[in-house]
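Student: sequence first, predicted model second:
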Amino acid sequence: MKPKYIIYPLLILLIGYLVYNKFYGSKAKEASALAGPGKKGKKGGPVPVNVMIVKDTAFSTSIDVTGTIEANEQVELRSETAGNITGIYFNEGGHVQKGQLLVKVYDKDLQASLKQIQVQIKLAQQTEYRNKVLYSKEAISKEEYDISLTSLNSYQAQADLVKAQISKTEVRAPFSGIIGLRNISPGGYLSPQGSIATLVNIDPAKITFSVPEKYLSLIHVNSKIKFNIESSRQTFTGVVYAIEPNIDITSRSITLRARADNKTGILKAGSFAKIHFDLDQIPKTIMVPTEAVIPDIKGSNVFLAKNGLAVQKSIKTDTRTDAQLQVVSGLKAGDSLIVSGIIQMRPKVAIKVVKVIK
């Protein structure tokens, strides 16, 4: 007998057994018994829910924002005149005092011009004195005396001009602070476009940050902040001293600036700061449980209990706490907010209020 005449009947028997077992086996009977004849097509009753009566409440809020540490004063040092560098009088990374000489540019030609003019001034002073005596005795005219006086004043003005030019060959610290790495060397050529170094005063430090415009009424000068930086575990404190008068039209936020003591020098200009800002109390607002709010693509929704049915309502939220959300629009005091069974809620679903939370 050929093998195929044995295999084909066995396959047919196996398929028949599997079909019979699925529809008439013990498991199929148990499933049918559990379902019961009366379960098919029967709808459930009203969904039991808890309801919270919405009311206005006071709310103390705080916000966490990010900001930047800035220097109290910072300037890129440059020379007002061009020339070869004849002296550098500071150490990189060192402290300098206001008015301290930092860099000197070649000025021997100007010094020579000044000496020449000073000699001319002495001669003009003698001439002016003699002419003054002669004029008092009416030996010369007033015009001759005025010429000598004008000559003296002209030389003095020239001397003042050269002195001003000489002062431009000296670069002095405009304020006390720490000077950075220098970009020049002795004997090099310095031009007004060339940077010498950066001078920074970082005590006190400034912290610049922005907050949403909705908090504008809660912000004022002398408000206190707390902040942290990546390079230290210390929590720093600061005081707001200035508020930008204009709101940024792109971000709809307002910029603030605070000061913080930095005697230890831990705070560095350009550092990233995480700021905790305690705001004043909001006297009247609506707070709802977080679990009662259903987010979607367009916004947020809640369900209200009205006449035994669940009614969907769109809302706008703002500040979030650990367990609550602030609702700024969409709800009013007295609304019956469904706070349980949210997963079963659909518009116009029948509900049964089990508990009312006031």
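Tutor: On my side now, so go ahead. Residues are numbered from 1 along each chain as shown.
Student: show me the domain layout of this structure.
Tutor: Using automatic domain parsing, the domain parsing of the chain gives 49-60+284-357, 63-73+200-281, 76-199.
Student: let me have these in a markdown table, extended by distance to Ile15, mean pLDDT and mean neighbour count.
Tutor: Where you see a C-beta, it was placed from the backbone N, CA and C, and this is true even at glycine. Converted to a markdown table, these look like this (distance: least, C-beta to C-beta, whole Å; pLDDT from 0 to 100; neighbours: other C-beta atoms under 10 Å):
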| stretch | distance to Ile15 | mean pLDDT | mean neighbour count |
| --- | --- | --- | --- |
| domain 49-60+284-357 | 43 | 89 | 15 |
| domain 63-73+200-281 | 67 | 89 | 16 |
| domain 76-199 | 86 | 91 | 15 |
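Student: could you export those as CSV, including distance to Ile12?
Tutor: Listed next are the domains of the chain as CSV, based on distance: least, C-beta to C-beta, whole Å:
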stretch, distance to Ile12
domain 49-60+284-357, 49
domain 63-73+200-281, 73
domain 76-199, 91
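Student: test my guess that Ile338 contacts Ala305.
Tutor: Yes: shown here, Ile338 and Ala305 form a contact pair, counting by C-beta atoms under 8 Å, at 5.6 Å.
Student: what about dumping the CA coordinates of stretch 51-64 to PDB?
Tutor: Provided in PDB are the C-alpha atoms of stretch 51-64 (Å, rounded to 0.1, in the frame of the first residue of the first chain):
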ATOM      1  CA  VAL A  51     -19.500  64.300  42.800                       C
ATOM      2  CA  MET A  52     -17.700  67.400  44.100                       C
ATOM      3  CA  ILE A  53     -19.400  70.700  44.400                       C
ATOM      4  CA  VAL A  54     -17.100  73.300  42.700                       C
ATOM      5  CA  LYS A  55     -16.300  76.400  44.800                       C
ATOM      6  CA  ASP A  56     -13.900  79.300  44.800                       C
ATOM      7  CA  THR A  57     -10.900  78.900  47.100                       C
ATOM      8  CA  ALA A  58      -7.700  80.800  48.000                       C
ATOM      9  CA  PHE A  59      -4.600  79.300  46.500                       C
ATOM     10  CA  SER A  60      -0.900  79.900  47.400                       C
ATOM     11  CA  THR A  61       1.200  79.200  44.400                       C
ATOM     12  CA  SER A  62       4.900  79.100  43.500                       C
ATOM     13  CA  ILE A  63       6.600  78.600  40.200                       C
ATOM     14  CA  ASP A  64       9.800  77.000  39.100                       C
END
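Student: and it, how far from the chain's centre?
Tutor: 27 Å (C-alpha atoms, centre = their mean, to the nearest Å).
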